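K.L.:
quick one, what's the 3D model for this:
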Amino acid sequence: MDKHASSGIIARPGLDDVGFYMVGISRLPGFDSIIKLSSNESPLGPSPAALEAAKKALADSHRYPELGLEALPNALAGLFDLDPKKITFSPGSDEILLRLINSYSGPGDEVIHSEHAYMQFPIYAIRAGSTPVAAADDDFKHSVDNILACVTERTKIVIVANPDNPSGTYLPGAEIRRLRNGLRNDILLIVDAAYDEYADAADYESATNLVGEYDNVVVSRTFSKLFGLAGLRLGWCYAPHEIVDLMERIGPSFPVNVAAQAAGIAAAQDRAHSQKVLAHNRKWIDRFSAACAECGIKAYPSQTNFVLTEFPETAGKTAAEADAYLHTQGIVGRKFALNDFKNKLRFTMGLDDEMEKLIAALKTFMSS
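P.N.:
This is a model prediction of the structure:
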């Protein structure tokens, strides 16, 4: 008999229905190494200066990290022209999102998200005891009208990823502002802007601009993407002072480890490396998207470091069959275990040779 079977300990209602978030595959049978294009990681890695800073910081790893962070928010403030007092940190942006949703919603409340947005959003709402509400999108792009149509007296939070994951699409600045202006002042608008630095569309506007204009807008950001520090788990958010104060009072005792703090400062200051990453990414977003079009694969326009692709439903050319073929070539994209994504695969932009091999493999698959 299971010794825990009669303990009487019962989790909060709804949590039993929460599934595991599916992370990208990192290994394939028969391959010592693979071309991993499944997790939206930076192919160029961190700044060499960030690596050196983290290495030096490890000498003090027996000490607790600095509590009154100053150098790290100042580095971000200088890079993005922000108020350092409106910045707070977390061990990955996922943690700050969970903290926000738990703080500003609960049982009886509703959290609105876009239907095909980041798959953790409804999980975070359920963990808070709130009800997730999915607003229909427009071909995997947020619809402001549909989001606003979902608002009720029970709505406490609207959360959108902009640019979006997993679609790579985005809302122009005017649309984000229209969304905010369509909400009551007691509804918190959370913009998950993990890919903010990659967005180069002329009509894109960083949602951090809204934080200085409104009291109910929060923007989450990360060091995992552009700065290549995914393994160190360093996230941050930009928010009004009172929200920053609450997040810091209820957050982890030490939200940033010593290596992440040192690496984050150096990464933010190394603008040459960041520009190199952005140039490499835009080159391959454009080349890969064009190559997909040439061989009959739909590529969603992307303002991120990945491209969502849609395959034909013709037997022999489906996304599932493409995924299986790519595995035989040691290439791993992102396959989603959701029916609405059954004909789609997502590919992170990799190194030059990795992208050349991916394009060649897809052309072979589609022409066979």
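K.L.:
how about stretch 259-272: buried residues?
P.N.:
Within stretch 259-272, the residues that count as buried by 16 or more other C-beta atoms under 10 Å are 259, 260, 261, 262, 263, 264, 265, 266, 267, 268, 269, 270. For the C-beta atoms, the positions are set from N, CA and C on the backbone; glycine is no exception.
K.L.:
could you do stretch 284-302 as well?
P.N.:
Within stretch 284-302, the residues that count as buried by 16+ other C-beta under 10 Å are 284, 285, 288, 289, 291, 292, 297, 299, 300, 302.
K.L.:
so what secondary structure elements neighbour the biggest helix by length in the chain?
P.N.:
Secondary structure of the chain per DSSP state H: the longest helix is helix 271-294. Contacts defined by 3 or more C-beta pairs under 8 Å, 6 or more residues apart in numbering; DSSP states H and E place helix 271-294 against strand 298-299, strand 306-310, helix 352-367.
K.L.:
burial measure for residue 44, as a count.
P.N.:
Residues near residue 44, counting by other C-beta atoms under 10 Å, number 16.
K.L.:
is it true that it touches residue 275?
P.N.:
No: counting by C-beta atoms under 8 Å, residue 44 stays clear of residue 275, with 11.1 Å between them.
K.L.:
any chance of the buried residues of stretch 284-302 in a markdown table, plus distance to residue 80 and pLDDT?
P.N.:
Formatted as a markdown table, those follow (distance: C-beta to C-beta, whole Å; pLDDT from 0 to 100):
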| residue | distance to residue 80 | pLDDT |
| --- | --- | --- |
| 284 | 24 | 98 |
| 285 | 22 | 98 |
| 288 | 28 | 98 |
| 289 | 27 | 98 |
| 291 | 33 | 98 |
| 292 | 32 | 98 |
| 297 | 35 | 98 |
| 299 | 29 | 98 |
| 300 | 27 | 98 |
| 302 | 22 | 98 |
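K.L.:
of all those residues, which comes closest to residue 347?
P.N.:
For residue 347, the nearest member of those is residue 288. The distance, counting by C-beta to C-beta, is 7.0 Å.
K.L.:
give me every residue that touches the closest one.
P.N.:
299, 307, 347, 349, 355, 358, 359 (C-beta atoms under 8 Å, 6 or more residues apart in numbering).
K.L.:
same thing but at 6 Å, please
P.N.:
Contacts for residue 288 (C-beta atoms under 6 Å, 6 or more residues apart in numbering) come out as residue 307.
K.L.:
if we only consider the buried residues of stretch 259-272, which is nearest to residue 234?
P.N.:
Looking across the buried residues of stretch 259-272 and measuring by C-beta to C-beta, the closest to residue 234 is residue 260, at 4.3 Å.
K.L.:
so how far is residue 367 from the closest one?
P.N.:
Relative to residue 367, residue 260 is positioned 46 Å away (C-beta to C-beta, to the nearest Å).
K.L.:
go on, residue 250?
P.N.:
Applying C-beta to C-beta to residue 250 and residue 367 gives a distance of 56 Å.
K.L.:
ok, now residue 152?
P.N.:
Taken as C-beta to C-beta, the span from residue 152 to residue 367 is 51 Å.
K.L.:
and residue 349, by the same measure?
P.N.:
23 Å.
K.L.:
so these two - more neighbours on which side?
P.N.:
When neighbours are counted by other C-beta under 10 Å, residue 349 and residue 367 differ, and residue 349 comes out ahead with 26 against 8.
K.L.:
quick check, pLDDT for the more buried one.
P.N.:
We have a pLDDT of 98 for residue 349.
K.L.:
excluding covalently adjacent residues, which one is nearest to it?
P.N.:
residue 284 (4.2 Å; C-beta to C-beta, 6 or more residues apart in numbering).
K.L.:
so that neighbour versus residue 100, what's the distance?
P.N.:
Computed as C-beta to C-beta, the residue 284 to residue 100 distance reads 33 Å.
K.L.:
go on, residue 13?
P.N.:
With distances taken as C-beta to C-beta, residue 13 is found 22 Å from residue 100.
K.L.:
residue 65 now?
P.N.:
Using C-beta to C-beta, residue 65 is found at 22 Å from residue 100.
K.L.:
the two: who's more crowded?
P.N.:
Between residue 65 and residue 100, residue 100 has the larger neighbour count (other C-beta under 10 Å), namely 24 against 18.
K.L.:
show the subsequent helix or strand relative to the helix or strand that contains the more buried one.
P.N.:
Element membership for residue 100 (DSSP states H and E) is helix 93-104. As assigned by DSSP H and E, the chain's next helix or strand after helix 93-104 is strand 110-114.
K.L.:
got a list of contacts for the helix or strand that that next one is followed by?
P.N.:
Following strand 110-114 in sequence order, the next helix or strand is helix 121-127 (DSSP H and E). Helix 121-127 is contacted by residues 14, 18, 97, 98, 101, 111, 113, 132, 159 when judged by C-beta under 6 Å, 6+ apart.
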